[in-house]
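*Asks:* no FASTA, just this:
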C-alpha cells in the first residue's frame, strides 16, 4: 500500500470516528491572561502526546508555579499519540492538544474540526541524523545509503521527501529500513543503518552524549513545514475561548522563563516525572535542544508562540503536491491566531 494511501485511510477513519462523536519580538515573560476574579476555575484537559517528558517542561512549570491557577484554570494533562490527540481534541474529549502541523493540515482537509492556535516548536523538529564518521554532510550524500525510519507516514516521512527533493533524490535512491518500534536511533548508534529520521531534541542529542560527533540535516531551508503547536476543537473555541487564550498566555510565560533559566524547567519536569532525575545530564541536554527549536525566525522576530500564515500557505501547497490534502483547505480553515497574547 502506498504511503499516501495509508495516510488518507488513517484520516478517513478519523473522520468517521469524529462524525459519530460530534454529531450533537523577544521571548520576554508574557503576562498571564485571566478570566476574572468572580469566575470559578475553568477545567481544561490538555493532551500532550507521547509520554511524560522533559520536552513538556513549560506545561509542568506553568502548572506547578500556579500560572494556570492565576489565570482561572484547572488544568489536567493527558498523554497519547499524535493521531489520538487530533481525534480527541476534535471530539471535545480534550480541550487542547499538542500536535504536529503536518498532521493538522490533512486532518482539517478531511473535515476534522480543529484549529491550530499557538506555535510551540518554531522550527520543524523532524530531522535526518547520522554519525559524522558516516561522511554524510548534505542531503545529496544520502544517495545509496541505508536510512532508518519508523514507517512511510507522518511528519518524518514528509520531511524526508522534502529533504531528498532538495537534492534531486527520491526515497527510491536510498535503502529505507523501517523500525516500527522507533528503534532507528539505536540502529544508527550500532551501525545497522547509515542515517535515520528523528527529532532535533531527542535522538541526535542522546547519540552525542555517548561521545559521537553527529551530523544533522534539517528541512527548514527547503520548505517551512509547521512544527508542533497547540490545537483546539472548534466547539471548545466557542465554549471556552477565553480559557484557551488564558492557557496559551500562561504556557508562553513558562516557556519564556525556561528560556532564560533552563534549570527551572528541568526541576519542574523532574517534579512532574521523578524518574527523569536518574538521567539528569541527558534530560538537561534534551531540554536545551528543545528550547532551541521553540525559536524559529518567526518567533525570534515576534515572540514565542507566533504563527506566520504565509509559511502555512507554503506548507499546504507542499502537502497538496504530495497528495496528502485531497480536499481544498485554506489557512483560515486551519489557523486561529486571535488567541495569542497581544492579538486583540
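*Replies:* Perfect, I can see it now. Fair warning: this is a prediction, and the values are worked out from it, not measured in the lab.
*Asks:* so who does residue 277 touch?
*Replies:* 270, 283 (CB atoms under 8 Å, 6 or more residues apart in numbering). All C-beta spots, glycine's among them, are computed from the backbone N, C-alpha and C.
*Asks:* begin at 32 from here
*Replies:* Yep, numbering from 32; the last one is residue 308 now.
*Asks:* separation between it and residue 232?
*Replies:* 19 Å (CB to CB, to the nearest Å).
*Asks:* same question for residue 252.
*Replies:* Taking CB to CB, one finds residue 252 at 19 Å from residue 232.
*Asks:* and these two? Which one has more around it.
*Replies:* Neighbour count, other CB atoms under 10 Å: between residue 252 and residue 232, residue 232 has more, with 24 against 8.
*Asks:* any idea how many residues pack against residue 331?
*Replies:* Using other CB under 10 Å, the number of residues around residue 331 comes to 15.
*Asks:* could you report the pLDDT at residue 354?
*Replies:* You'll see residue 354 listed with a pLDDT of 87.
*Asks:* swap that for residue 57, please
*Replies:* 37.
*Asks:* residues of the helix or strand hosting residue 332 that come out buried?
*Replies:* Assigned by DSSP states H and E, residue 332 falls within helix 328-333. By 16 or more other CB atoms under 10 Å, the buried positions in helix 328-333 come out as 329, 330, 333.
*Asks:* likewise stretch 268-283?
*Replies:* Those buried within stretch 268-283 under the rule 16+ other CB under 10 Å are 268, 271, 273-283.
*Asks:* pLDDT weak spots in this structure?
*Replies:* 32-69, 112-114, 375 (pLDDT under 70).
*Asks:* report the central residue of it.
*Replies:* residue 259 (2.2 Å; CA atoms, centre = their mean).
*Asks:* which phi and psi values does that residue adopt?
*Replies:* Torsion angles at residue 259 (phi, psi; degrees, to the nearest 10) stand at phi -60, psi 140.
*Asks:* tell me the spacing between it and residue 173.
*Replies:* Relative to residue 173, residue 259 is positioned 25 Å away (CB to CB).
*Asks:* for this structure, longest helix please?
*Replies:* helix 265-291 (DSSP state H).
*Asks:* can you give the domain ranges for the protein?
*Replies:* As given by automatic domain parsing, the domain ranges for the chain are 34-154+257-365, 157-248.
*Asks:* so can I have JSON lines of the buried residues of helix 328-333 showing distance to residue 353?
*Replies:* As requested, the buried residues of helix 328-333 are exported to JSON lines (distance: CB to CB, whole Å):
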{"residue": "329", "distance to residue 353": "23"}
{"residue": "330", "distance to residue 353": "26"}
{"residue": "333", "distance to residue 353": "29"}
